[in-house]
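**Student:** here are the coordinates; sequence isn't available:
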């Protein structure tokens, strides 16, 4: 099935073949990878990353940013593509969702190092607003995917993944995971964010977007 989209606009104007204003896909991808590389270097102020790793991450983030920015729009609608906005680690973007996944992966790695586990997690220990909102996003994921398939509308998946990432960030900004106060609560929260990582990774994969374990 072919999804029909409207015109794609760049800050310089229409990408319109009959007017000769076509942007080569390879050039756009290269430009996005350059923007991603700039952002990575800013975050790696101590120069810990190798050039090879910087390039690898830039490729994943840059191509993911393009895919997400286009797929977040309903089919048949025109798209105002803003390269700078699409590469942002904040807001309704691919890098924002990728970063949420990487953030969770980092927490889970620390849990392993400290010998913490989600074994025998009891979800009844979860009860605050942020925990329940994140849990709701996870429960609704299969339904959102089914609706996206039925409607031939991948923007539903993109929106749900963003809302899941946002719900995780709201939760983690307010509540500790590794130092939750009790072993039972730590286990429950570890299980919660592990499930969130699964949803984020699978949702992005449905959009053809890879994740990074570190960003």
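**Tutor:** That came through, no problem. Computed from a prediction, not measured in an experiment: that's the story for all the values here.
**Student:** State whether residue 91 is indeed within a strand.
**Tutor:** No - per DSSP: H, G, I helix; E, B strand; the rest coil, residue 91 lies outside any strand segment and is coil.
**Student:** which residues does it contact?
**Tutor:** Each residue near residue 91 by C-beta atoms under 8 Å, 6 or more residues apart in numbering is listed here: residue 85. C-beta coordinates here come from the backbone N, C-alpha and C atoms, glycine included.
**Student:** could you redo the last one with a cut-off of 7 Å?
**Tutor:** By C-beta atoms under 7 Å, 6 or more residues apart in numbering, no residues touch residue 91.
**Student:** Please report how far it lies from residue 199.
**Tutor:** 20 Å (C-beta to C-beta, to the nearest Å).
**Student:** pLDDT-wise, which helix or strand of the protein ranks last?
**Tutor:** The helix or strand of the chain with the poorest confidence is strand 13-14; it has a mean of 48 (mean pLDDT, DSSP states H and E).
**Student:** And the strands in the protein, which stretches?
**Tutor:** Ranges of strands within the chain are 8-10, 13-14, 79-80, based on DSSP state E.
**Student:** Quick one: list the elements packing against the first one.
**Tutor:** If I follow you right, that is strand 8-10. strand 79-80 (3 or more C-beta pairs under 7 Å, 6 or more residues apart in numbering; DSSP states H and E).
**Student:** So for residue 46, what's the pLDDT?
**Tutor:** With respect to pLDDT, residue 46 scores 87.
**Student:** Next, find the distance separating it from residue 98.
**Tutor:** Distance, residue 46 to residue 98, using C-beta to C-beta: 22 Å.
**Student:** cool, and residue 166?
**Tutor:** 14 Å.
**Student:** So for the two, which residue has more residues nearby?
**Tutor:** Using other C-beta atoms under 10 Å, the more surrounded residue of residue 166 and residue 98 is residue 98, with 27 against 18.
**Student:** Count the neighbours of the residue nearest to residue 29 when sequence neighbours are not counted for me.
**Tutor:** Leaving aside its chain neighbours, residue 29 sits nearest to residue 63 (6.0 Å; criterion: C-beta to C-beta, 6 or more residues apart in numbering). Around residue 63 there are 19 other residues, counting by other C-beta under 10 Å.
**Student:** What pLDDT is listed against the spatially most central residue of the chain?
**Tutor:** Among the residues of the chain, the one closest to the centroid is residue 97, at 1.7 Å (C-alpha atoms, centre = their mean). At residue 97 the predicted local confidence, pLDDT, stands at 98.
**Student:** Find the nearest non-adjacent residue to it, please.
**Tutor:** That would be residue 165: by C-beta to C-beta, 6+ apart, it lies 4.6 Å from residue 97.
**Student:** quick one, what contacts that neighbour?
**Tutor:** When contacts are counted by C-beta under 7 Å, 6+ apart, residue 165 touches 96-97, 100, 200.
**Student:** could you redo the last one with a cut-off of 10 Å?
**Tutor:** Going by C-beta atoms under 10 Å, 6 or more residues apart in numbering, residue 165 touches 92-93, 96-101, 103-104, 134, 137, 196, 199-200, 203-204.
**Student:** Same question for residue 61.
**Tutor:** Here residue 61 is in contact with 32-33, 35-37, 39-40, 87, 89, 93-95, 98-99, 209-210, 212, 215 (C-beta under 10 Å, 6+ apart).
**Student:** Thanks a lot, catch you later.
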